[in-house]
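[1] With the input below, show me the fold.
(one chain, ligands or ions: 1)
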Amino acid sequence: MSKLNPLDYPICFAHPLRITHSTWITHVPFAMFLVDVLHPTTLVELGTNWGVSYCAFCQAIKSLNVDCRSYAVDTWRGDPHSGPFGDEVLNDLRKHHDPLYGGFSRLVQSTFDDALPHFPDKSIDLLHIDGYHTYEAVKNDFDNWLPKVSNRGIILFHDVNVRERDFGVWKLWQELKSIYPNFEFAHGHGLGMIAVGTEYNHALDMFFNESEELRCIKDFFYQLGVNVENKYTINMQKAQLQSLAAQLAEKEEKLAGKEDEVNTYQQQLQNIRNSRL
Ligand SMILES: C[S@@+](CC[C@H](N)C(=O)[O-])C[C@H]1O[C@@H](n2cnc3c(N)ncnc32)[C@H](O)[C@@H]1O
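    Next up, the predicted model:
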């Protein structure tokens, strides 16, 4: 089996340009690494929301100058798990995405089912499924989109390690693991990867067989992911601190104004008292 050293793919250390709150955040370094390993010609994401995962793929495609067409499919209306939302999410994403990635990538506002006929069979090299997470929904997405995946195709599933409410990706994942070469991160709600064609980059075989090296690689990507998450948390806290400091300065200014008023009233009172003596 050929060895695959993540250090040969320094894109995994890149600072992500699009980071907002998302349970995907700790998988960003792996997403960038995977783009470098696969050099996909067509990438499709089902479920994009604020675009943390999608923009990680796009950033790697652009930085590495990969000849790839990329598509994000989402209604940008939400689902029972992510909750409903309005135009603000897509508008915010467009502002970031279009100037940076508009040359090779499209944000397709559509249901997954409606988008399906627009993609030829066996055309997608990297498919990321991250839509509605019930067993029925994710199975429907997988069954519908599998014929669209190429012989070198890789499919990613998010939330394979969520055992709450009616999340059922884990159940589909159990079924797929017995059929396809597979690999799974347990952190960040779980990210599963399967190779569905025979012509995938066999450097990935290292991911599909348990070994001590694989355990080190898992930990390596976990630590990189935690680092990205910590940076995000620190930036959020800095922004919060700045906003609190601005509020404090405003309140201190108001207080100083009130103190001046009190001093003036006290002076007037004293004058009145003095005039009565
Ligand atoms: C979990 S979020 C995606 C998270 C994203 N990948 C990230 O990096 O944070 C799921 C998204 O899938 C979309 N969605 C769910 N079912 C859909 C469907 N059948 N068609 C289109 N969009 C769908 C929702 O609108 C929501 O934005």
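[2] Kindly state the beta-bridge partners for the closest residue to the ligand within the stretch 151-277 of the chain.
    When C-beta to the nearest ligand atom is the measure, the stretch 151-277 of the chain has its nearest residue to the ligand at residue 158, with 6.3 Å between them. Just so you know, the C-beta spots here come from the backbone N, C-alpha and C atoms, and that holds for glycine as well. Residue 158 forms beta bridges with residue 191, as assigned by DSSP bridges.
[3] Let me know how buried it is, in neighbour terms.
    Residue 158 is surrounded by 25 other residues when neighbours are defined as other C-beta atoms under 10 Å.
[4] In this structure it contacts residue 131, no?
    No. Taking C-beta atoms under 8 Å as the definition, residue 158 is not a contact partner of residue 131, at 9.3 Å.
[5] Please enumerate the strands of the stretch 151-277 of the chain.
    Using DSSP state E, counting those that start in this stretch, the strands of the stretch 151-277 of the chain run over residues 182-185, 191-195.
[6] could you redo those strands as TSV and give each row mean neighbour count and mean pLDDT?
    Putting the strands of the stretch 151-277 of the chain into TSV (neighbours: other C-beta atoms under 10 Å; pLDDT from 0 to 100) gives the following:
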stretch	mean neighbour count	mean pLDDT
strand 182-185	19	97
strand 191-195	23	98
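[7] and these as JSON lines, adding distance to residue 253?
    JSON lines is the format used below for the strands of the stretch 151-277 of the chain (distance: least, C-beta to C-beta, whole Å):
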{"stretch": "strand 182-185", "distance to residue 253": "50"}
{"stretch": "strand 191-195", "distance to residue 253": "49"}
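[8] would CSV of the ones you listed with distance to the ligand be doable?
    Formatted as CSV, those follow (distance: least, C-beta to the nearest ligand atom, whole Å):
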stretch, distance to the ligand
strand 182-185, 14
strand 191-195, 11
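[9] before we move on, back to that, shared neighbours, residue 158 and residue 131?
    With contacts taken as C-beta atoms under 8 Å, 6 or more residues apart in numbering, the residues that reach both residue 158 and residue 131 are residue 47.
[10] re earlier: how close does the residue of the stretch 151-277 of the chain closest to the ligand sit to residue 256?
    Here residue 158 is placed at a distance of 52 Å from residue 256 (C-beta to C-beta, to the nearest Å).
[11] How about the contacts made by the nearest residue to residue 112 once chain neighbours are set aside?
    Once flanking residues are discounted, residue 112 sits nearest to residue 46: 5.0 Å by C-beta to C-beta, 6 or more residues apart in numbering. Listed by C-beta under 8 Å, 6+ apart, the contact set of residue 46 reads 73, 74, 112, 127, 128, 129, 130, 131, 141, 145.
[12] shouldn't the fifth one be in contact with residue 156?
    Yes. Judged on C-beta under 8 Å, residue 128 makes contact with residue 156 at a distance of 4.4 Å.
[13] With neighbour numbers in mind, choose between those two.
    Set side by side, residue 128 and residue 156 show unequal neighbour counts under other C-beta under 10 Å, the larger going to residue 128 at 27 against 22.
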